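> take a look and give me a structure for this.
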Amino acid sequence: MKPRRPVRVRTLEQARAFVLAVRRCAIFADQKRGGPSLWDAVDLPDRKPGERGWGRKIGAVWSWKNQLPADYPDEIFYGKDESGRAVLMTLDHLAGEHYPKYHRPIEQCSPLARKIHALVKVEPMTTPALRKAVLQGDRTRRTAFAKALAELQVTLNIVRSNAPEAVDDTWLRFAELYPAIAAGTR
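As a prediction, this is how the structure comes out:
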């Protein structure tokens with residue numbers, strides 16, 4: 001039996017095909033958890049020693065994680081998996097497997113997560129705006145804020161906006177962006 005040829009992703013379209021083929025992948029490689037990752041699939045040069053900037057590979061992976069769900073919103077989802085890792089997955093996988101298994105009602109989330117969700121429920125908000133509204137200058141709670149924001153993503157109560165013009169992460173209620181999945185009708 002021949003060894004499998006490594007995937008050679010070099011373009012956004014190839015990245016899309018990769019995500020559609022594997023159905024769910026991490027953004028970056030994780031030796032402990034294994035599984036497919038966009039990082040391992042991308043075949044672009046990394047930064048050379050002494051070279052300034054990110055290098056083509058990290059630049060591609062970092063931009064494609066946002067661009068794929070923005071350009072293909074009916075096919076690809078970007079969010080957090082059950083362990084808090086950034087992942088891409090097909091909407092079919094999200095609807096059929098991931099959401100039913102990992103969604104938790106907001107009432108089961110921590111008080112700080114519920115507070116953040118209440119703000120996002122009123123209007124979409126960026127991470128800096130949420131941090132300012134919730135922490136009100138209390139820098140000692142920054143870690144708790146980050147943990148609550150991740151909790152909301154893992155439990156599929158909020159999701160990053162796919163709007164291409166969004167500069168900062170802008171958060172919406174999951175049910176607002178994916179109403180059919182939240183209602184169980186997709």
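> for the residue nearest in space to the middle of the chain, what are its contacts?
Taking C-alpha atoms, centre = their mean as the criterion, G79 is the residue nearest the geometric centre of the chain, at 2.4 Å. G79 makes contact with 86-87, 89, 153, 156, 159-160 under the criterion C-beta atoms under 8 Å, 6 or more residues apart in numbering. All C-beta atoms are positioned from the backbone trio N, CA, C, and that covers glycine.
> mind giving me the PyMOL select for the residues you listed, buried ones only?
Buried subset of those, written as a PyMOL selection, criterion 16 or more other C-beta atoms under 10 Å:
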select buried, resi 86+87+89+153+156+159+160
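> W171: which element?
Taking DSSP states H and E as the definition, W171 sits inside strand 170-173.
> equivalent analysis for M89, please.
Going by DSSP H and E, M89 is in strand 86-90.
> hang on, the earlier thing: so what touches whichever helix or strand comes after the strand holding W171?
Counting by DSSP H and E, the element after strand 170-173 in chain order, helix or strand, is helix 174-177. By C-beta under 8 Å, 6+ apart, the list of residues contacting helix 174-177 from outside reads 103, 156-159, 161-162, 181-183.
> give me that answer again for 6 Å
The contact list for helix 174-177, computed with C-beta atoms under 6 Å, 6 or more residues apart in numbering, reads 156-157, 159, 182.
> which regions of the protein lie under the pLDDT threshold?
1-6, 47-54 (pLDDT under 70).
> what residues go with each domain of it?
Taking automatic domain parsing as the criterion, the chain consists of the domains 1-100, 103-186.
> assign T185 to helix, strand or coil.
What DSSP: H, G, I helix; E, B strand; the rest coil gives for T185 is coil.
> can you pull the contacts of it?
Counted by C-beta under 6 Å, 6+ apart, T185 has zero contacts.
> distance of it relative to A175?
12 Å (C-beta to C-beta, to the nearest Å).
> now L119
Taken as C-beta to C-beta, the span from L119 to A175 is 16 Å.
> spell out the secondary structure type for E165.
Per three-state DSSP, the secondary structure class of E165 is coil.
> tell me how far it lies from K147.
As defined by C-beta to C-beta, E165 lies at a distance of 29 Å from K147.
> A133 now?
A133 is 17 Å from K147, by C-beta to C-beta.
> A183 now?
On the measure of C-beta to C-beta, A183 and K147 end up 28 Å apart.
> ok, now which ones touch A41?
7, 9, 18.
> and the first one, helix, strand or coil?
What that stands for is V7. coil.
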